[in-house]
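Student: Need the 3D shape of this:
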Amino acid sequence: MEKTFETPGVVRLFVDNEVGMVVITAQQTDTTLVSLEPAGPGAEELVERAAAEWRPTPRGHIVVVKVPKMHGRRFLRRNAVIVRVEVPEGSDVQVLAGSADVEITGPIGTAEVSTASGDVSIDDVAADVIGKTASGDITLGNVGGDVRVHTASGDLRCSSVAGAALFATASGDLEVGAASNRVDVKATSGNVRLGALSHGARIVNVSGDVRILSVDEGTLHVRSVSGNVSVGVAKGVDLHVDVETLSGAVSSEIPLDETPGPARQETRVDLSVRSVSGDVDIARALEQIA
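Tutor: Sure, this is the predicted structure:
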């Protein structure tokens, strides 16, 4: 199946595909191209029954792509369908998938993606991102708005986020390159690595290490069980520390009574760490964060 819709302006795309793959490409175009192909011997009927529809709205266009479900035979590879959609840059995207992987390339407006066991990969997003997967990884590029993502058993990656962020993983690692606003993290059985934090974070982690490469300002609140905590503090800030650890050592290369430099006297970091069975290390952040 292949359909083309004239969609200049704002596009809202909804895709529902249970098994297979969803590939969405945002590019400079005034049309939306939808293509479906079977990826297994049992998927030809699904492609024939699939719906690809378009309708105008007062603010632009809505494009809906739905692959019918095979009741009683869910998530079988023989029923896999590959859905490919090309949309204008800045489109808002919503995807509902079962075991299908989701790949979104090119700049989009907002993203809302939910999968059961598929991986999710999204390039740059101008506004907000909502993501959820039971046993798949979620990888995000640069996010211009807020982020709220959760995985029960998978890794989370994000290059940068401009808005508020909530990351939650029950069994996977978390890595964020940079955050311009406050970050909240809830993690279990995985390591947490945060790059440059501009306004602090609240982190709760069980059975994993916590590493913050650089915090510039705000409150950094860390609660850790069975893991080490490492914090890099930007040069010249007014550092206030409240650290306790059970069955672990506390070390700091920064004198905790150090007076901030004249260039950043009004910049303050409040560091609160409670750790059980783990060491706490406080150091000066590197000038360049890799």
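Student: Name the SS class of V22, please.
Tutor: strand (DSSP: H, G, I helix; E, B strand; the rest coil).
Student: Now stretch 194-213: buried residues?
Tutor: 194-206, 208-213 (16 or more other CB atoms under 10 Å). Quick note: C-beta positions are derived from backbone N, CA and C, even for glycine.
Student: burial measure for S251, as a count.
Tutor: 10 (other CB atoms under 10 Å).
Student: So it belongs to a strand, correct?
Tutor: Yes: assessed with three-state DSSP, S251 lies in a strand.
Student: If we ignore the residues flanking it in sequence, what's nearest it?
Tutor: Closest residue to S251 apart from its sequence neighbours, by CB to CB, 6 or more residues apart in numbering: D281 at 5.2 Å.
Student: my read is that neighbour is in a strand, agree?
Tutor: Yes: under three-state DSSP, D281 sits within a strand.
Student: pretty sure it contacts S230?
Tutor: Yes: because the distance of 4.7 Å satisfies CB atoms under 8 Å, D281 is recorded as touching S230.
Student: low-scoring stretches of the stretch 51-200 of the chain, by residue?
Tutor: 71-77 (pLDDT under 70).
Student: quick one, strands of the stretch 1-150 of the chain?
Tutor: For the stretch 1-150 of the chain, the strands defined by DSSP state E, counting those that start in this stretch cover 2-6, 11-17, 20-27, 31-38, 51-57, 60-66, 81-88, 92-97, 101-105, 111-115, 120-122, 129-133, 138-143, 147-151.
Student: What segments of the stretch 151-290 of the chain are strands?
Tutor: Counting by DSSP E, counting those that start in this stretch, the strands of the stretch 151-290 of the chain are 156-161, 165-169, 174-179, 183-188, 192-197, 201-206, 210-215, 218-225, 229-233, 238-246, 250-252, 268-276, 280-284.
Student: what's next to the first one, contact-wise?
Tutor: The set of residues that contact strand 156-161 without belonging to it, under CB atoms under 8 Å, 6 or more residues apart in numbering, is 137-143, 146-147, 149, 165, 167, 169, 172-181, 183.
Student: what's the offset of that strand from the middle of its chain?
Tutor: 5 Å (CA atoms, centre = their mean, to the nearest Å).
Student: now the shortest one
Tutor: Strand 250-252 sits 31 Å away from the centroid of its parent chain (CA atoms, centre = their mean).
Student: list the helices and strands it packs on?
Tutor: strand 280-284 (3 or more CB pairs under 8 Å, 6 or more residues apart in numbering; DSSP states H and E).
Student: pLDDT on the strand it packs on, on average?
Tutor: Mean pLDDT, strand 280-284: 95.
Student: other SSEs contacting it?
Tutor: Checking 3+ CB pairs under 8 Å, 6+ apart, strand 280-284 ends up next to strand 229-233, strand 238-246, strand 250-252.
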